[in-house]
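need coordinates for the following:
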Amino acid sequence: KDHERQTETRTGGEIMNFREVEEAFKKQEGIVHRTPLITSSTLNNLTGNRVYLKLENFQKTGSFKVRGAYNKISSLKREEIERGVITASSGNHGQAVAYVARLMNIPAKIVVPEDAAETKINAIKGYNAQVIKHGYTTDERKALAQKLAREERYFYIDSYDDYHIIAGQGTVGLEIVQQEKPDIIVAPIGGGGLISGISLLKQKFPEIKVVGVEPLHSASMYLSITRGRVTELEKIKTIADGLRAKKPGEKTFEIVEKYVDEIVRVEEEDIIDVLKFLLERIKILAEPSGAVSLAGVVSGRLPCRDKKIAVVISGGNVDLNTLASLIHT
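Numbers count the residues shown, from 1 in each chain. Modelled structure (predicted):
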């Protein structure tokens, strides 16, 4: 049945084609922001590189997620979503789905973790979506969302392991090369939707190095690539709530394995240090998940000199009380 068809399947040829990212980019015109790409002499001197920050924390809904959500939902047939959409999210993807659903005048339900930031929950409710709290991991909330989708005939929108989502997130990379072509693009990894979409750039610009960054204790993609298959972590623990994926997606893993050049892991202290640095020196508010990529560069865990590096600050939806407790540790 149409309402039960959740994702596409493909056989033969390329996993995905960069043209799909370009098509998503055209579709998004007038819907999403073309976010700033800025540099800082302080950051450049600190790292010995020319660093550009891609500020997706300035994106609609406060993160890059609206790009994929819009590309996915706008691709559906009316009869597929007439009853509404449902998703599982730590907050940012949920906000994006809720925003797009309101834009398209369809109902939305968002399953969030029990400890989801109040700022994210309030934002989701502000877009007139229903919030359901359940569990703490991606798997727990995803299982409930899919169960409700079957029972109530809502269309389930995956947060990362979907070709339309991947193509939409990949427009971040396309915008970067239009603004300032870098030697390296660095992005965070949770389930892998953003990094896999960006890495499709290598079909057109093979000379650009694509690097992913994960928290050390939530590095499911790193472990999966090391073992050569999708591997689930026994447990995860990180302040970067948007990156708490116990395992990457099947589709995202396949793309990352083929196109991503390197994955580095950062300590929790590295993330906190970068949050402080962004606030104090760059005057930028980021959430922990959004700052992970810069932590990989500033911490020195991605060793390089005299390179032009574009770093994706993927979101800025952070609870201020949580932020205060982090930066005072």
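
helix or strand with the lowest mean pLDDT in this structure?
The least trusted helix or strand in the chain, going by mean pLDDT, DSSP states H and E, turns out to be helix 320-327, with a mean of 84.

quick one: list the elements packing against it.
Applying 3 or more C-beta pairs under 8 Å, 6 or more residues apart in numbering; DSSP states H and E, we find helix 320-327 packed against helix 268-277. For glycine as for every other residue, the C-beta is placed from the backbone atoms N, C-alpha and C.

which element is encountered next along the chain beyond the helix it packs on?
For helix 268-277, the following helix or strand on the C-terminal side (DSSP states H and E) is helix 288-298.

in terms of secondary structure, what does that next one contact?
Counting contacts by 3+ C-beta pairs under 8 Å, 6+ apart, helix 288-298 packs against helix 41-47, strand 184-188, strand 209-215, strand 262-266, helix 268-277, strand 308-313.

what sits up against the last one?
Contacts with strand 308-313, where a contact means C-beta atoms under 8 Å, 6 or more residues apart in numbering, come from 37, 47, 49-57, 64, 172, 176, 180-188, 194, 198, 278, 284, 286, 290-291, 293-294, 297.

what does the fourth one give?
By C-beta under 8 Å, 6+ apart, the residues outside strand 262-266 that reach it are 189, 209, 211-216, 219, 221-222, 225, 256, 292, 295-296, 299, 301-302.

adjacent strands (with direction) for it?
For strand 262-266, sheet partners with direction are given as strand 209-215 (parallel), following DSSP bridges.

now the helix or strand following the strand it pairs with, how far from the chain's geometric center?
Per DSSP H and E, the first helix or strand lying C-terminal to strand 209-215 is helix 220-227. Here helix 220-227 is found 18 Å from its chain centre; the criterion is C-alpha atoms, centre = their mean, to the nearest Å.

and what of stretch 74-86?
22 Å.

next one: stretch 202-211
For stretch 202-211, the distance to the chain centre is 19 Å (C-alpha atoms, centre = their mean).

quick check: buried residues in it?
202, 208, 209, 210, 211 (16 or more other C-beta atoms under 10 Å).

circling back: of the helices and strands packed on helix 288-298, which approaches residue 241 most closely?
Of all the helices and strands packed on helix 288-298, it is strand 209-215 that lies closest to residue 241, at 10.3 Å by C-beta to C-beta.

perfect, I'm done here.
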